[in-house]
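**Q** sharing a sequence plus its predicted fold:
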Amino acid sequence: MKEWVGKCQNCRKDIYCNDGFIEALVQDDHSLLCFECAESDNDKHLRTLAASPNQTSPSSSAQG
């Protein structure tokens with residue numbers, strides 16, 4: 001069964017639920033992001049991180 005659940009926050013594409021599977025990512029604020037926009041946003045984020053000089057992750061401190 002295919003049921004309309006809303007629109008993508010970015011591109012306004014209709015989002016459907018197909019047999020219990022939502023064709024989108026549900027964000028923390030309960031808005032929907034279609035897979036195409038989510039992938040595009042992720043690609044932009046990764047390019048930004050790659051362009052940042054000396055980007056380091058927090059290191060865990062050794063105890064003992």
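**A** Ah, there it is.
**Q** can you give me the strands for the chain?
**A** Here the chain has its strands, by DSSP state E, at 2-7, 14-18, 21-22, 24-26, 32-34.
**Q** and the longest one with strand 14-18, angle?
**A** For strand 2-7 and strand 14-18, the angle between their directions (axes from the mean of the first three to the mean of the last three CA atoms, to 10 degrees) works out to 140 degrees.
**Q** now strand 2-7: mean pLDDT?
**A** Mean pLDDT, strand 2-7: 96.
**Q** pull out the buried positions in that strand.
**A** Burial within strand 2-7, assessed by neighbour count using 16 or more other CB atoms under 10 Å, is assigned to Gly6. Just so you know, the C-beta spots here come from the backbone N, C-alpha and C atoms, and that holds for glycine as well.
**Q** adjacent strands (with direction) for that strand?
**A** Strand 2-7 has its sheet partners listed here by DSSP bridges as strand 14-18 (antiparallel).
**Q** which regions of the protein sit below the pLDDT cut-off?
**A** Along the chain, the parts satisfying pLDDT under 70 run over 45-46, 53-64.
**Q** quick check, central residue of it?
**A** Centroid-nearest residue in the chain: Ala38, 4.2 Å away (criterion: CA atoms, centre = their mean).
**Q** from His30, how far out is that one?
**A** Counting by CB to CB, to the nearest Å, the gap from Ala38 to His30 is 15 Å.
**Q** can you check Glu39 too?
**A** Counting by CB to CB - Glu39 and His30 are separated by 20 Å.
**Q** more neighbours, these two?
**A** More neighbours surround Glu39 than the other of Glu39 and His30, with 12 against 7 (other CB atoms under 10 Å).
**Q** excluding covalently adjacent residues, which one is nearest to the residue nearest to the centre of the chain?
**A** Leu25 (4.9 Å; CB to CB, 6 or more residues apart in numbering).
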